[in-house]
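A.B. asks: Got a predicted structure here, sequence first:
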Amino acid sequence: MVVTLLELRYGRFKETFSKCNSNQKKCSLWERLRLQFNIIVGGDNAVTTTSLKNKEYDIRAKYKAIRIKEAATGNDSDIPIDYPVYWDDMVAAFGDMRGLGDVEFGDDVPFPAENSGQADKRKAVDDLESQRQQRSKSKVDIGAGLVSLGDALAKGLVDAAAFRSVPDSSIATVATLLAETKEILVSTGVMNERTIAALERGNEIQAKLLMFLESKQ
């Protein structure tokens, strides 16, 4: 658990955390870290973000305490220091950091090589992240489509009020936008009752607009 947390926080996410300039971004990043941690570690009980933050704080505190003790004892081998089994991983994570009680130390200790099981879990995490980004992109495309649809409908109503006749191409454009938006929603699997109702409302407006235009011709 400790090694995995250190690898994620001070390995994979180290550079991203260093670029965070707001608490909101850090909270979001910790949530992503928590998701990947639970996937890699597995188990019946998912670890919370608060638990991971507290654990990371405790590990840093332990590292600083050992460094202070090393500086105090010097080369006196008669005063034993209790190093945890994951000490090398702590040095790799915190060795190039300076803070209260820290002693400068090189960061040349590599992370342990991943076995095949860890590599498979890493791949699963990457695949999950890719799927999350794809879903996010789909939502953006859908939102843009709905905005375009609304703009087209509004423009159609304004044109209908301003002119006695409107080219059939304008009506066709509205119908095409409605059909394309519905197709996008169906293909991405995000159709819900509110979305369906909005599309049906759009069809209703289109029908009324067509009737209005025909009555003016």
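C.D. replies: It's in.
A.B. asks: immediately after the helix or strand harbouring residue 35, which helix or strand?
C.D. replies: Assigned by DSSP states H and E, residue 35 belongs to helix 23-41. Sequence order places helix 49-73 as the next helix or strand after helix 23-41, per DSSP H and E.
A.B. asks: Which neighbouring elements make contact with the strand or helix carrying residue 91?
C.D. replies: Per DSSP H and E, residue 91 falls inside helix 87-94. Here helix 87-94 touches helix 2-7, helix 49-73, going by 3 or more CB pairs under 8 Å, 6 or more residues apart in numbering; DSSP states H and E. Bear in mind the C-beta positions are built from the backbone N, C-alpha and C, glycine included.
A.B. asks: Redo the ones you listed as CSV? Include mean neighbour count.
C.D. replies: Below are the helices and strands packed on helix 87-94 laid out as CSV (neighbours: other CB atoms under 10 Å):
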stretch, mean neighbour count
helix 2-7, 19
helix 49-73, 15
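A.B. asks: Next, count neighbours for residue 16.
C.D. replies: Using other CB atoms under 10 Å, the number of residues around residue 16 comes to 13.
A.B. asks: So which helix or strand of this structure has the lowest pLDDT on average?
C.D. replies: The weakest-scoring helix or strand in the chain, judged by mean pLDDT, DSSP states H and E, is helix 116-162 (a mean of 54).
A.B. asks: Figure out the helix or strand that residue 17 lives in.
C.D. replies: Assessed by DSSP H and E, residue 17 sits inside helix 14-18.
A.B. asks: which other helices and strands contact that helix?
C.D. replies: For helix 14-18, the elements it packs on are helix 23-41, judged by 3+ CB pairs under 8 Å, 6+ apart.
A.B. asks: Could you list the domains of this structure?
C.D. replies: Taking automatic domain parsing as the reference, the chain has its domains at 2-112, 127-216.
A.B. asks: Least reliable of the ones you listed by average pLDDT, please.
C.D. replies: For the domains of the chain, the bottom mean pLDDT is recorded on domain 127-216, which sits at a mean of 58.
A.B. asks: check contacts around residue 93.
C.D. replies: Contacts for residue 93 were tallied using CB atoms under 8 Å, 6 or more residues apart in numbering; they are 6, 9, 10, 11, 59, 63.
A.B. asks: hang on, the earlier thing: quick one, the helix holding residue 91 and helix 49-73 angle?
C.D. replies: Per axes from the mean of the first three to the mean of the last three CA atoms, to 10 degrees, the angle that helix 87-94 makes with helix 49-73 is 100 degrees.
A.B. asks: Just say helix, strand or coil for residue 85.
C.D. replies: At residue 85 the chain is in coil, as set by DSSP: H, G, I helix; E, B strand; the rest coil.
A.B. asks: Could you dump the helices and strands packed on helix 87-94 into TSV with distance to residue 80 added?
C.D. replies: Listed next are those as TSV, based on distance: least, CB to CB, whole Å:
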stretch	distance to residue 80
helix 2-7	21
helix 49-73	9
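A.B. asks: circling back to that earlier point, what does the helix holding residue 17 contact?
C.D. replies: When contacts are defined by CB under 8 Å, 6+ apart, helix 14-18 is touched by residues 9, 26, 29.
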